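1. The following comprises the amino acid sequence and a computationally predicted model.
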Amino acid sequence: MRTTRFVAPAAAGLLAVAGLAGCGGGDDADATAGGPIAVKATDSACEVGSTEIDAGQVTFKVTNNGSKVNEFYVYAAGDRVMGEVENIAPGLSRELRVELPAGTYETACKPGMSGRGIRGALKVSGTAASVAPDAALTEATASYQRYVRSQTAALLTRTEEFVAAVKGNDVAKAKALYPVARTYWERIEPVAESFGDLDPKIDGREEVVEEGMEFTGFHRIEKDLWTTGDISKDGPIADQLLVDVKAIVAKADAEKLTPLQLANGAKALLDEVASGKITGEEERYSHTDLWDFNANLEGSKAAVGALRPALEQRAPDLVKQLDAEFANVEAALGKHRAGDGWKLHTQLSKTELKELSDSINALAEPVSKIAAAVAR
Amino acid sequence: MSTPAGGDATSEPNSEQTGRGISRRRAMTLAGVGAAGVGAVAAGAGALIAGGGEASATETAAGAVPFLGEHQAGITTAAQDRLHFVAFDVVTKDRDRLVAMLQEWTAAAARMTAGKDAGLIGAVGGVPEAPPDDTGEALGLPPSQLTVTVGFGPSLFRDAQGRDRFGIADRRPTALADLPHFAGDALKPELSGGDICVQACANDPQVAVHAIRNLARIGMGVVSVRWSQLGFGRTSSTSRGQATPRNLFGFKDGTANLKAEDAGLLREQLWVQPGDGPDWMAGGSYLVTRKIRMLIETWDRSPLAEQEMITGRTKGSGAPLGRRDEFDEPDFAAKGDDGEPVIAPTAHVRLAHPDQNGGARLLRRGYNFVDGSDGLGRLDAGLFFIAYQRDPRKQFVPIQTRLARNDAMNEYLRHVSSGLFACPPGVRDAADWWGRTLFS
């Protein structure tokens, strides 16, 4: 957690799209002609039923035949998220509806919910009008809103599982679920933080809790899990965490963001990494900081990705720089993978941490220039 | 993102005309015409009054030191009061990015040494959505004789695995030979070495820090700070017009230093001459840095006579033992009534003196430091030693070898950091840039 808030919308002209570009809603009658495109996901494969399709609304039906929890994404250039479904448990199927203009895309399954995933090409043809400059910004906010909603849904599900494990006094399971639930929080942290009083209750660290306020939320349970291992009295704290997460999910889903907020949010996420995760302050008991690091990075990339079409029109050189620096951070972080998760902060040497810090600084400088490009 | 190097140092209209933000130069002008309130800017005030309003800006503590020249400023420049020194690791493999950064640095340094903001837009002149291209803490401060001096370390040419990092390995001067291990060295690797160094000196610490901070920011993605050092209180004079200052042992230091006025000696001892090595270093100089922790608490408990014997000078005037005045030549042959040398064989002044080192001299411009305390109730204090020279193999290395073996002062010293850098010649004009002679 930290205290930065989204910058208040400074440019009213850029404000917000009221409606979402129809997707994920489930009330649109028109599905893909010939029915949904079947996606068969396993731990090592991602078979997409058809990879050359017509523009318009497309429905994917993703079935997880593997043993790990899976995710499915449709990416435009630069990993801009066009649509995604999170948290597909083994044996289950979920649908993704997404509006796709003509162009080339990538599909990705992410068994274990980590990494770049198993990628495949997706070609969409048909008559989609080219996006005008301001339309590109409008689409950016809609695109990011889709992302936020997918994350909040998974956050809620995973928090419910985590809370159940805590209340069931299942320490091992709670420990395993803790960094996973927090991944969804960390990806959209700046959005969540914009709701002032809920953030410290959910994500406050011990030292930031004000006098007269109780130390609650994720980090309180983290402390108990990893220090004493005694969570027998944490039931009420877990219940309150779920109540607070539900409240923030409702608010985040209703929040209408401006392109400027996206730009500042992308930067704020990297600042989170630079100030809290590199240092190991955030997860001082569990040392799962690299999970948060990765989630912050993914969230930042999602926000930048949403703005990408606009940036390609406004600042093409910046886009190239962003691509190179995102790739650089991903490569640096990728060295510290452990199975489907990440090494502990305490397992990294000072030299390794400095390399990560350098790569984040190198990325954050160009990211800090997005806001001005979007605002002009 | 980079502009042609250096160009804006001279061609950019100042911000009074363009109306973009507050100009530090403007603040200087106000001070110069005698607005007392503005003149109270700490470093500037005394000098401006002393100059009677007629002294050129370059002669005052607040004024500007020319950035362009045959040699880099910050070497023979009269030693300023404050230091911020930084050593960077280069983190990119891309030679073009490194060159572009050096060009951006040159332009930024040209501007900052003139008392302007680091970037063209400035600390407060830009759009509200963008982070400013200057960090702002030097707004309203005069140039304060800021100099920014750059050097290239051995590891820039080849990395630890021997790889030619940027296609310049064959241009590494033989004089840039790694320093040997000296007796008693307690070097910390994380505080030593570095691919590129920047020495910022100024009469106002805020101005020096501002320079380093902005260059570090410009360099993100290309360089990463490896270590850095703040210094207060110069410990050497580089000009005859300056009094010899004292180090934290309380002694005058650097009496026999090379000085800006010694043109012949500077050619012989300081500046790399054509034919010395690769052409790109002609007009440059080699820099050795040593962070020397002083065990001041034990020093302070030692008797005055012992302190003077160790140093070889009197503590009050700085005169060599047996002589009267600071600048009297030490008499190394003189014996006392007891038949022992007046200046002990292990005295610092004897071991370091040019006469005892085949005439080898250094231009020293070190600074005192106090980095807080060490957790054991002692100040973490000492000398950040800085020495420029024509060839370290003939100057610093033999001198330090003798000192490390025999200097009685070693009991109170710990060398914890070491750096060696080839400082290229000066930036000649608005189209020139740091490292052009090396990378072109």
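-> The structure has been received and is ready for your questions.

2. which ones are touching B:R402?
-> Shown in contact with B:R402 (Cβ atoms under 8 Å, 6 or more residues apart in numbering or on different chains): B:351-352, B:356-357. In short, each C-beta sits where N, CA and C put it, glycine included.

3. Can you point out the buried residues in the helix or strand hosting it?
-> Following DSSP states H and E, one finds B:R402 within helix B:396-406. Under the neighbour-count criterion of 16 or more other Cβ atoms under 10 Å in any protein chain shown, helix B:396-406 has B:396-397, B:399-400, B:403-404, B:406 buried.

4. Then stretch B:336-352?
-> In stretch B:336-352, counting by 16+ other Cβ under 10 Å, buried: B:341-344, B:346-352.

5. Give me the phi and psi for B:D159.
-> phi -80, psi -180 (degrees, to the nearest 10).

6. what's the distance between the residue nearest to it when sequence neighbours are not counted and chain A?
-> Closest residue to B:D159 apart from its sequence neighbours, by Cβ to Cβ, 6 or more residues apart in numbering or on different chains: B:R165 at 5.5 Å. If you measure B:R165 against chain A using Cβ to the nearest Cβ, to the nearest Å, the figure is 16 Å.

7. Hmm, B:R165 is touching B:D94, no?
-> No. Assessed by Cβ atoms under 8 Å, B:R165 is found out of contact with B:D94, at 10.5 Å.

8. More neighbours: which of these two?
-> A count of neighbours by other Cβ atoms under 10 Å in any protein chain shown puts B:R165 above the other of B:R165 and B:D94, at 18 against 14.

9. Can you name the residues that contact the more buried one?
-> B:90, B:93, B:156-159.

10. same thing with B:E261?
-> B:239-240.

11. Same question for B:A381.
-> Counted by Cβ under 8 Å, 6+ apart, B:A381 has contacts B:248, B:293-294, B:296, B:368-371.

12. Within its sheet, name the partner strands of the host helix or strand of A:V58 and how each one runs.
-> Here A:V58 sits within strand A:56-64, counting by DSSP H and E. In the sheet, strand A:56-64 lines up against strand A:37-41 (parallel), strand A:93-100 (antiparallel) (DSSP bridges).

13. Mean pLDDT added to these, as CSV?
-> Below are the strands paired with strand A:56-64 laid out as CSV (pLDDT from 0 to 100):
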stretch, mean pLDDT
strand A:37-41, 95
strand A:93-100, 81
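
14. What is the burial count for the residue in the stretch 251-400 of chain B that chain A sits nearest to?
-> Of all residues in the stretch 251-400 of chain B, B:D371 sits closest to chain A, at 18.7 Å by Cβ to the nearest Cβ. Using other Cβ under 10 Å, B:D371 has 14 neighbouring residues.

15. on that earlier part again, what would the strands paired with strand A:56-64 look like in CSV with mean neighbour count?
-> Output for the strands paired with strand A:56-64, formatted as CSV (neighbours: other Cβ atoms under 10 Å in any protein chain shown):
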stretch, mean neighbour count
strand A:37-41, 20
strand A:93-100, 20
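
16. will you turn these into CSV that also has distance to B:V99?
-> Listed next are the strands paired with strand A:56-64 as CSV, based on distance: least, Cβ to Cβ, whole Å:
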stretch, distance to B:V99
strand A:37-41, 47
strand A:93-100, 43
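
17. Please name the nearest non-neighbouring residue to the single nearest residue of chain A relative to chain B.
-> Going by Cβ to the nearest Cβ, chain B is nearest to A:A362 of chain A, at 3.0 Å. Counting by Cβ to Cβ, 6+ apart, A:A362 lies nearest to B:G221, which is 3.0 Å off, once chain neighbours are set aside.

18. can you pull the pLDDT of that neighbour?
-> Per-residue confidence at B:G221 stands at 94 (pLDDT).

19. For it, what are phi and psi?
-> Taking degrees, to the nearest 10 as the convention, B:G221 sits at phi 90, psi -20.

20. Over to B:S373?
-> phi -130, psi 170.

21. that older thread, please identify which of the contacts of B:A381 is nearest to A:E186.
-> Comparing those against A:E186 with Cβ to Cβ places B:D371 closest, at 35.5 Å.

22. Quickly note the distance from A:E312 to A:A77.
-> 8 Å (Cβ to Cβ, to the nearest Å).

23. for A:A302, same thing?
-> As judged by Cβ to Cβ, A:A302 and A:A77 stand 14 Å apart.

24. next one: A:A45
-> Distance from A:A45 to A:A77, by Cβ to Cβ: 24 Å.

25. A:L96 too?
-> For A:L96 relative to A:A77 (Cβ to Cβ), the value is 19 Å.

26. Nearest to chain A: which residue in the stretch 101-250 of chain B?
-> Evaluated by Cβ to the nearest Cβ, the stretch 101-250 of chain B has B:G221 as its residue closest to chain A, separated by 3.0 Å.

27. where exactly do the helices run in the stretch 51-200 of chain A?
-> A:133-167, A:171-187, A:189-193, A:198-203 (DSSP state H, counting those that start in this stretch).

28. would you list these in CSV and tack on distance to B:A110, mean pLDDT and mean neighbour count?
-> As requested, the helices of the stretch 51-200 of chain A are exported to CSV (distance: least, Cβ to Cβ, whole Å; pLDDT from 0 to 100; neighbours: other Cβ atoms under 10 Å in any protein chain shown):
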stretch, distance to B:A110, mean pLDDT, mean neighbour count
helix A:133-167, 37, 92, 21
helix A:171-187, 43, 96, 22
helix A:189-193, 38, 78, 26
helix A:198-203, 45, 87, 22
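
29. Could you export the ones you listed to a markdown table, including columns for distance to A:L297?
-> Formatted as a markdown table, these follow (distance: least, Cβ to Cβ, whole Å):
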| stretch | distance to A:L297 |
| --- | --- |
| helix A:133-167 | 14 |
| helix A:171-187 | 9 |
| helix A:189-193 | 12 |
| helix A:198-203 | 18 |
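
30. Now render the ones you listed as a markdown table, adding distance to chain B.
-> What follows is the helices of the stretch 51-200 of chain A, written out as a markdown table (distance: least, Cβ to the nearest Cβ, whole Å):
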| stretch | distance to chain B |
| --- | --- |
| helix A:133-167 | 14 |
| helix A:171-187 | 23 |
| helix A:189-193 | 16 |
| helix A:198-203 | 24 |
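
31. For burial, what's the neighbour tally of A:S286?
-> A:S286 has 21 nearby residues by other Cβ under 10 Å.

32. Spit out the contact partners of it.
-> A:175, A:178-179, A:222, A:225-226.
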